[in-house]
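A.B. asks: Fold the following and give me the result.
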Amino acid sequence: MVAPRTTATETQRPQTPLCDKRVYKHAQLDSGVRILVVQDVAAVYAAACASVQVGYFDDPQDLSGAAHFLEHMVHLGSKHFPDDKEYKHFLAQHGGSSNASTSMVHTKYHFKVHNTALEGALQRFISMLSCPLILASSCAGEVQNVHAEYSRNLNSDGRKLLQLRRSLCRPPYSNFSTGSLQTLWEQPQQQGIDVPKALQHLWQQCYKAESICVAVVGPQQPDVLLQWVSEAVANIPSSSNSTDSNASSGSCSNGSNAVSCGNAAGIISEHAQQCYSSDRAMQQHEVASVQPSIATSMCMRYPLDVCNSDETSRGQLVLISPQRQLRDLEVSWYIPSGVMEHSSTKPWQWASHLLGHEGPGSVAYLLKSQELLQTLTVGMGEEVRLGRGWMFWRIQIALTEAGERQVEQVLGTIFRGIQVLQQCSDQQLKDTWQETADLAQLRFNWQDPSEPLSCAQSAAYALHYYPPGATLSGPHLMTHFDVSVLRWFAGQLRPQNMNVYWSSKRHAGKVNCKEQWYGAEYSLQELPQSWLNTITQYMAVGHTQQQQQQHCSECNSTNNFK
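C.D. replies: Residues are numbered from 1 along each chain as shown. Okay, the predicted model is just below:
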């Protein structure tokens, strides 16, 4: 196999933890593939990950699960290694294994193998991405494996809740991501759709060099690793040399959601670097109305919002009858801004640190002292970073039996905690943000080296969004304080903006809806006015306390003056 001639532009070494002794080398090929190679002399097993900017958001409207099905088919033989078992057999012979996953806008492929077999594994690995066969005979059998994967999750409460959350929003977020025998084979055949050809078309449009990032970890010298990867990925087609008219436009086909965007990955990568490095530009950004930048509006592959802008999909109470004995309460807010918009400030991380704290006076401390909860977890849920992006930010609570009888009080306490954030002075915001940033820096500096596979997975994903110097640090560090961003984020956490998901056996027999794909049994209603009244009462107490504190402070200042 002779690879086309290619050149790589090398860039600066990424910022690393203080105890990280690995050697890193970043490069971008002429074709657009971004690469990070990592020398880990202690790695007995090497690892690699390729992240492709395509996911179930790109599924054709009449082929739900197509991106996931394509992920399966890519493994089953390539032009240079046509045996459909060659890749996995080679890895097994050398003590290795592989897997892949399809999310909303990314598909990740990864493997680990004994370091002596890394070069051969890379050749087979990249070949399946650059020239998969996608044979009709293989499709007929592999669709059964996709259906089996779907069937395994039918009894999972976690998967039921995930799909239920999605189904209550707008496409493409609400689409069925996994696919089944029905959506990928039976219905398409009845409609006269050639499934193998549709998968080939999806691959031709989306598996472009500009949309692929590769990270490799092994004990070999960085130059050797970079040469192996560069030679392997040289055959990946790019938009500039594609002979397919649709593929050359650089767009992915996702029905009505698709918009031609030229060199989409290149533009997004450039915008990500601008968002990360240009604090001045972010300060000029109108936080209150979060609009997409000029760069991202040029290549908006997906809708700006997956929740209705008129808030009709917010302020909802979803009662769920689970299969297991659960007492889970999830409070969720849709945030119309992605991670890359405020990557250097990370207001979600600041809020998670404060509201997730369990020390005296915290939300968790108060509720535990009243024996209303077992655990409280705060943080970001599903999110998309392309374009302006968006995220769901959640507080997840495991209630006690007493807590289930006092859900209103639990929510009131949560919003009292949120109110504290919203009423902070500028100096208090700066102090608490700096504390969060210092802890993030401390954790990053002294984190234990990750396993080679984990290192490759996180690095390949980060290459899509962060400049080379911040590939490792960008997802973790907080480098720029912006009081307006913190106030904007805290202002999003209003009672009217939240959705509450309550999973409990006490709802059995009382729900009247069933989600289409995983069968979650639920009912949907507006948040009870009594709950909102209780929250208002808790926040009114907090407002009165703040006024009293301000009055005392003014009195002390007057006395000191006298």
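A.B. asks: quick one: secondary structure of the residue nearest to the spatial centre of the chain?
C.D. replies: Among the residues of the chain, residue 383 comes closest to the average C-alpha position under CA atoms, centre = their mean, at 4.6 Å. The three-state assignment at residue 383 reads strand, by DSSP: H, G, I helix; E, B strand; the rest coil.
A.B. asks: List the residues that contact it.
C.D. replies: In this structure, residue 383 makes contact with 338, 339, 389, 390, 391, 392, judged by CB atoms under 8 Å, 6 or more residues apart in numbering. (Glycine included, C-beta is placed from N, CA and C.)
A.B. asks: Who is it paired with across the strands?
C.D. replies: Partner residues in beta bridges with residue 383: residue 391, with DSSP bridges as the criterion.
A.B. asks: my guess is residue 29 meets residue 229, correct?
C.D. replies: No: with contact defined as CB atoms under 8 Å, residue 29 does not count as touching residue 229 (9.2 Å).
A.B. asks: Now do the shared contacts for these two.
C.D. replies: Taking CB under 8 Å, 6+ apart as the contact criterion, the residues that touch both residue 29 and residue 229 are residue 35.
A.B. asks: neighbour count winner among these two?
C.D. replies: A count of neighbours by other CB atoms under 10 Å puts residue 229 above the other of residue 29 and residue 229, at 26 against 21.
A.B. asks: how far away is that one from residue 211?
C.D. replies: 16 Å (CB to CB, to the nearest Å).
A.B. asks: where exactly do the helices run in the stretch 101-250 of the chain?
C.D. replies: All helices of the stretch 101-250 of the chain, identified by DSSP state H, counting those that start in this stretch, fall at 118-130, 136-152, 157-167, 181, 187-190, 195-206, 222-233.
A.B. asks: and those helices as CSV, adding mean pLDDT?
C.D. replies: Conversion of the helices of the stretch 101-250 of the chain to CSV gives the following (pLDDT from 0 to 100):
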stretch, mean pLDDT
helix 118-130, 97
helix 136-152, 97
helix 157-167, 97
helix 181, 98
helix 187-190, 96
helix 195-206, 97
helix 222-233, 96
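A.B. asks: Which SSE is immediately downstream of the lowest-mean-pLDDT helix or strand in the chain?
C.D. replies: Sorting the helices and strands of the chain by mean pLDDT, DSSP states H and E puts helix 294-297 at the bottom, at a mean of 31. Past helix 294-297, heading to the C-terminal end, the next element that is a helix or strand (DSSP states H and E) is strand 316-321.
A.B. asks: pLDDT on that following strand, on average?
C.D. replies: Averaged across strand 316-321, the pLDDT comes to 97.
A.B. asks: what does stretch 469-479 give?
C.D. replies: When pLDDT is averaged over stretch 469-479, the result is 96.
A.B. asks: Stretch 512-528 too?
C.D. replies: In this model, stretch 512-528 has a mean pLDDT of 97.
A.B. asks: Now do that stretch: everything it contacts.
C.D. replies: Applying CB under 8 Å, 6+ apart, the contact partners of stretch 512-528 are 153-154, 156, 159-161, 163-164, 167-168, 176, 178, 180, 315-321, 495, 498, 500, 507, 510-511.
A.B. asks: Buried by neighbour count, from those: which ones?
C.D. replies: With burial judged by 16 or more other CB atoms under 10 Å, the buried subset of these is 159-161, 163-164, 167-168, 176, 178, 180, 315-321, 495, 498, 500, 507, 511.
A.B. asks: quick one: low-confidence ranges for the stretch 251-400 of the chain?
C.D. replies: Across the stretch 251-400 of the chain, the stretches falling below the confidence threshold (pLDDT under 70) are 251-303, 308-312.
A.B. asks: which residues in it form helices?
C.D. replies: Under DSSP H, counting those that start in this stretch, the stretch 251-400 of the chain gives helices at 264-277, 279-284, 294-297, 347-355, 363-369.
A.B. asks: so how far is the last one off the chain centroid?
C.D. replies: What separates the centre of helix 363-369 from the centre of its chain is 30 Å, taken as CA atoms, centre = their mean, to the nearest Å.
A.B. asks: buried stuff in that helix?
C.D. replies: When neighbours are counted by 16+ other CB under 10 Å, the buried residues of helix 363-369 are found to be 363, 364, 366, 367, 368.
A.B. asks: Output the contacting helices and strands for it.
C.D. replies: Other helices and strands packing on helix 363-369, by 3 or more CB pairs under 8 Å, 6 or more residues apart in numbering; DSSP states H and E, are strand 373-384, helix 407-422.
A.B. asks: same thing with the fourth one?
C.D. replies: Applying 3+ CB pairs under 8 Å, 6+ apart, one finds that helix 347-355 makes contact with strand 373-384, strand 390-399, helix 407-422, helix 426-445, helix 483-492.
A.B. asks: Need these in JSON lines (columns: distance to residue 55).
C.D. replies: Formatted as JSON lines, the entries for those read as follows, by distance: least, CB to CB, whole Å:
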{"stretch": "strand 373-384", "distance to residue 55": "9"}
{"stretch": "strand 390-399", "distance to residue 55": "15"}
{"stretch": "helix 407-422", "distance to residue 55": "32"}
{"stretch": "helix 426-445", "distance to residue 55": "28"}
{"stretch": "helix 483-492", "distance to residue 55": "25"}
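A.B. asks: Identify whichever of these lies nearest to residue 195.
C.D. replies: Of all these, it is strand 373-384 that lies closest to residue 195, at 26.8 Å by CB to CB.
A.B. asks: Can you mark which positions in that closest one are buried?
C.D. replies: Across strand 373-384, burial judged by 16+ other CB under 10 Å covers 373, 376, 378, 380, 381, 382, 383, 384.
A.B. asks: can you give me phi and psi for the residue nearest to the third one when sequence neighbours are not counted?
C.D. replies: Take residue 378 and drop its neighbours on the chain: the residue closest to it by CB to CB, 6 or more residues apart in numbering is residue 356, 3.7 Å away. When quoted as degrees, to the nearest 10, the phi and psi of residue 356 stand at phi -90, psi 0.
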